[in-house]
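1. what follows is a predicted structure for the sequence shown.
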Amino acid sequence: MAKDLGGFLSEYEKKYPDEIVHIEKEIDSRWEATALVEKLEKMRKYPIVIFHKVKTAEGGFSIFPLIMNMFASRERCARMIGSNFEEYPIDYARKSKSEKKRPIVVGKKESPVKEVIQSGRGINLLKFPAPVHHGMDPGHYITAGLFTCYDQDSKKDNVALHRGWIKEKNEIRVFLSSHTHANLLLSKYEETNEDMRCAYWIGHHPAVCLGIMAKLSFPESHFEAAGGVCGEALRLVASESLGDDFLVPADAEIVIEGIIPHGERRPEGPFGEALGYFGPQQFNPYIKVTSITHRKNAYFHDLFVGHMDPLVGMNSVYIEAQVYEAVKSVVPSVQRVYRPPFALPQIYIQIKKRKEGEAKDALMAALSTSEYTKQAFVFDDDINIFDEREVLWAISTRTQWENDVFSVKNSRASGLDPLSSDEDSTTKVGMDCTKPAPPTPFAKRVYIPQEVKDRIQLKEYIPDEKLKRI
């Protein structure tokens with residue numbers, strides 16, 4: 001049986017029942033759902049939350065359960081692709097690059113996403129439980145929808161996360177940021193005065209959603225990368241309204257198809273974005289929706305932008321994997337990389353330093369990989385880069401600022417960064433937080449003999465009840 005979201009949830013809840021929370025009480029899609037998830041986040045609790053009775057923009061209750069917080073736990077994300085906390089981006093890089101699988105095309109009768117088909121006057125985006133996330137957001141947004149379009153020349157698919165404001169029953173205003181391949185493809189269509197066919201698909205096995213985000217050369221198939229990450233070829237099916245050559249995932253929960261009219265722009269935003277700030281309102285393309293297809297019992301998946309859900313999951317692993325591969329090409333002794341969710345523009349790199357110059361090479365490679373990375377830090381292999389206390393200790397004790405810090409002006413930046421220029425450029429910074437390379441001596445870290453630490457068991461000294469309350 002093909003992997004899908006429902007199958008994942010059923011299997012995962014059996015193994016980890018405390019990591020899925022079902023909310024049966026009525027809740028409004030306008031701020032209430034996000035307020036509940038934020039309260040859990042403040043308590044450092046990150047379960048998958050499924051809302052079963054969500055009030056929609058029209059005032060009624062959606063037939064679609066709303067899923068949030070899917071990717072809020074790094075441990076859970078690692079399990080999704082058969083990995084572990086530390087090796088997560090390394091395994092992701094291997095699977096998405098070296099283990100790609102070509103998708104297979106199936107018929108419409110074999111495709112669960114075709115169980116319900118709506119077109120013409122039957123199209124109504126307002127029936128979905130899409131949340132209003134933050135206070136200045138203008139309306140209900142699609143945030144976990146995978147925006148799909150095709151390159152005219154190579155016929156390759158391009159798939160990525162791009163936010164979409166549900167403005168009308170049949171209109172979505174979409175933000176395609178300037179450095180993305182989707183923006184490039186739209187420009188190519190508009191150069192020849194052509195409309196661009198596109199689709200949002202919402203909900204799939206989470207390994208597919210993670211894999212689809214792989215950072216690839218242009219043009220390369222994201223469907224193939226997703227197949228590698230989830231461990232089986234994606235099943236694709238012909239679209240309902242965009243032609244048989246426009247393929248969409250057969251096992252998705254929901255597919256929204258449409259056309260972006262060339263040369264037309266409409267106001268979109270403001271929107272609370274990944275860095276924790278509201279981006280301004282601006283003129284962006286819009287989608288004229290031509291059909292909606294979905295499973296009979298479909299889930300509506302949402303990413304709580306600006307919070308742990310996308311920061312830990314879909315917005316980080318592909319960047320970590322990209323940095324790991326780039327650094328490994330110049331410093332083969334790289335051990336691990338980590339993008340801290342509380343400081344999104346940063347990347348931490350752990351290397352086994354063998355000679356001087358490797359740390360700087362690692363920093364330059366990392367800073368060049370992504371417009372989202374503004375600050376890179378490189379550490380020795382005795383520093384746990386997942387522990388912020390060790391990271392800050394290394395920065396403060398192993399860095400000589402006049403020698404170990406450099407900046408690069410006018411570097412590529414994300415348009416979501418409130419400090420980026422009008423041309424989406426910024427200043428990037430690299431910091432070498434490593435000891436001098438051998439054989440240069442350096443002060444030894446304090447330590448307690450391991451055999452003593454192993455011998456001292458807290459439960460033998462402090463009662464369990466007391467330990468839980470401490």
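-> Good, I have the coordinates.
2. okay, which residue is most central for the protein?
-> Nearest residue to the geometric centre of the chain (CA atoms, centre = their mean): M314, 1.6 Å.
3. can you say which helix or strand has that residue in it?
-> M314 is part of no helix or strand when elements are defined by DSSP states H and E.
4. look up phi and psi at it.
-> phi -70, psi -20 (degrees, to the nearest 10).
5. check what pLDDT it gets.
-> At M314, the pLDDT value in this model is 77.
6. cool, D417 as well?
-> Here the pLDDT value assigned to D417 is 67.
7. do the one 3 residues further on as well
-> At S420 the predicted local distance difference test score is 68.
8. and for F442?
-> 90.
9. gap between the closest residue to it other than its chain neighbours and D381?
-> Setting aside the residues directly before and after it, F442 is nearest to K435 in space (CB to CB, 6 or more residues apart in numbering), at 4.3 Å. Using the backbone N, CA and C atoms, a C-beta is placed for each residue, glycine as well. Per CB to CB, to the nearest Å, K435 is found 10 Å from D381.
10. tell me which of these two has more neighbours.
-> K435 (19 against 15; other CB atoms under 10 Å).
11. ranges for the helices of this structure?
-> Along the chain, counting by DSSP state H, helices occupy 5-15, 32-42, 74-80, 88-98, 181-191, 206-212, 222-230, 308-312, 317-328, 358-367, 388-397, 401-404, 450-455, 464-469.
12. residues in contact with the last one?
-> If you take CB atoms under 8 Å, 6 or more residues apart in numbering as the criterion, helix 464-469 is touched by 458-459.
13. go again with 10 Å.
-> Residues outside helix 464-469 that contact it (CB atoms under 10 Å, 6 or more residues apart in numbering) are 458-459, 461, 463.
14. bridged to the closest residue to H294 other than its chain neighbours, which residues?
-> For H294, the nearest residue in space outside its immediate sequence neighbours is I254; the separation is 4.2 Å by CB to CB, 6+ apart. Beta bridges link I254 to I202, H294, judged by DSSP bridges.
15. related to what we said a few turns ago, contact partners for the residue nearest to F442?
-> Taking CB under 10 Å, 6+ apart as the contact definition, K435 lies against 353, 359, 379-380, 382-383, 394, 397-398, 441-443, 445.
16. D4 versus E171, what's the distance?
-> Where D4 is concerned, E171 sits at a distance of 28 Å (CB to CB).
17. tell me which of these two has more neighbours.
-> D4 (22 against 17).
18. ok so, going back, how close does the residue nearest to H294 sit to A298?
-> Distance, I254 to A298, by CB to CB: 5 Å.
19. ok so, going back, which residues do K435 and D381 both contact?
-> Here K435 and D381 have K353 as joint contacts, going by CB under 10 Å, 6+ apart.
20. and for K453, the neighbour number?
-> When neighbours are counted by other CB under 10 Å, K453 registers 10.
21. which parts of the stretch 101-250 of the chain are strands?
-> Under the criterion DSSP state E, counting those that start in this stretch, strands of the stretch 101-250 of the chain are mapped to 104-105, 116-119, 141-142, 146-150, 157-161, 164-168, 171-174, 196-202, 235-238, 247-249.
22. other residues contacting the last one?
-> In this case it means strand 247-249. 2, 4, 103, 105-106, 111-114, 146, 148, 150, 157, 159, 199-201, 203-205, 208, 212, 223, 226, 234-240, 242, 255-257, 293.
23. swap in the second one?
-> Strand 116-119 is contacted by residues 108, 122, 124, 127, 240-241, 254-257, 289-298 when judged by CB under 10 Å, 6+ apart.
24. and with 8 Å instead?
-> The contact list for strand 116-119 (CB under 8 Å, 6+ apart) reads 124, 240-241, 290-296, 298.
25. could those residues go into CSV alongside pLDDT, distance to L176 and neighbour count?
-> Converted to CSV, those look like this (pLDDT from 0 to 100; distance: CB to CB, whole Å; neighbours: other CB atoms under 10 Å):
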residue, pLDDT, distance to L176, neighbour count
N124, 98, 24, 15
E240, 97, 23, 21
S241, 98, 21, 18
T290, 98, 19, 19
S291, 98, 21, 20
I292, 98, 21, 24
T293, 98, 23, 27
H294, 98, 24, 26
R295, 98, 27, 21
K296, 96, 32, 8
A298, 98, 25, 24
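26. now do the same contact list for the closest residue to Y46 other than its chain neighbours.
-> Nearest residue to Y46, sequence neighbours excluded (CB to CB, 6+ apart): A72, at 3.8 Å. The neighbours of A72, taking CB under 8 Å, 6+ apart as the test, are 41, 46, 304, 307-309, 312-313.
27. in this structure K53 contacts E24, no?
-> Yes. Under the criterion of CB atoms under 8 Å, K53 makes contact with E24 at 6.6 Å.
28. which of these two has more residues huddled nearby?
-> K53 (14 against 9).
29. and that one, what does it touch?
-> 23-27, 61.
30. inside strands: which ones of those?
-> Within these, residues falling in strands by DSSP state E are 23, 27.
31. out of the contacts of K53, which two sit at the greatest distance?
-> I23 and F61 (12.9 Å; CB to CB).
32. could you list the domains of this structure?
-> Following automatic domain parsing, one gets these domains for the chain: 5-308, 317-433.
33. what's the end-to-end length of the shortest one?
-> In terms of CA to CA, to the nearest Å, the two terminal residues of domain 317-433 are separated by 23 Å.
34. that one: how far from the chain's middle?
-> 19 Å (CA atoms, centre = their mean, to the nearest Å).
35. and E41, how many neighbours?
-> Using other CB under 10 Å, E41 is surrounded by 16 other residues.
36. now do the one 10 residues further on
-> Here the neighbour count serves as a burial measure; for F51 (other CB under 10 Å) it reads 28.
37. so what's the nearest residue to it once chain neighbours are set aside bridging to?
-> The shortest distance from F51 to any residue other than its chain neighbours is 4.3 Å, reached at L66 (CB to CB, 6+ apart). Here L66 sits in beta bridges with F51, F300, as judged by DSSP bridges.
38. contacts only, for L66.
-> By CB under 8 Å, 6+ apart, the neighbours of L66 are 29, 33, 50-51, 54, 129, 131, 299-300, 302.
39. try it again with 6 Å
-> 51, 54, 129, 300 (CB atoms under 6 Å, 6 or more residues apart in numbering).
40. returning to what we had before: in a markdown table, list the strands of the stretch 101-250 of the chain along with mean pLDDT and distance to D18.
-> Putting these into a markdown table (pLDDT from 0 to 100; distance: least, CB to CB, whole Å) gives the following:
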| stretch | mean pLDDT | distance to D18 |
| --- | --- | --- |
| strand 104-105 | 98 | 36 |
| strand 116-119 | 97 | 33 |
| strand 141-142 | 98 | 29 |
| strand 146-150 | 98 | 29 |
| strand 157-161 | 96 | 28 |
| strand 164-168 | 98 | 33 |
| strand 171-174 | 98 | 36 |
| strand 196-202 | 98 | 26 |
| strand 235-238 | 98 | 32 |
| strand 247-249 | 98 | 30 |
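41. in TSV, list the ones you listed along with distance to P17.
-> Converted to TSV, those look like this (distance: least, CB to CB, whole Å):
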stretch	distance to P17
strand 104-105	34
strand 116-119	30
strand 141-142	30
strand 146-150	28
strand 157-161	29
strand 164-168	33
strand 171-174	36
strand 196-202	25
strand 235-238	29
strand 247-249	28
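42. perfect, I'm done here.
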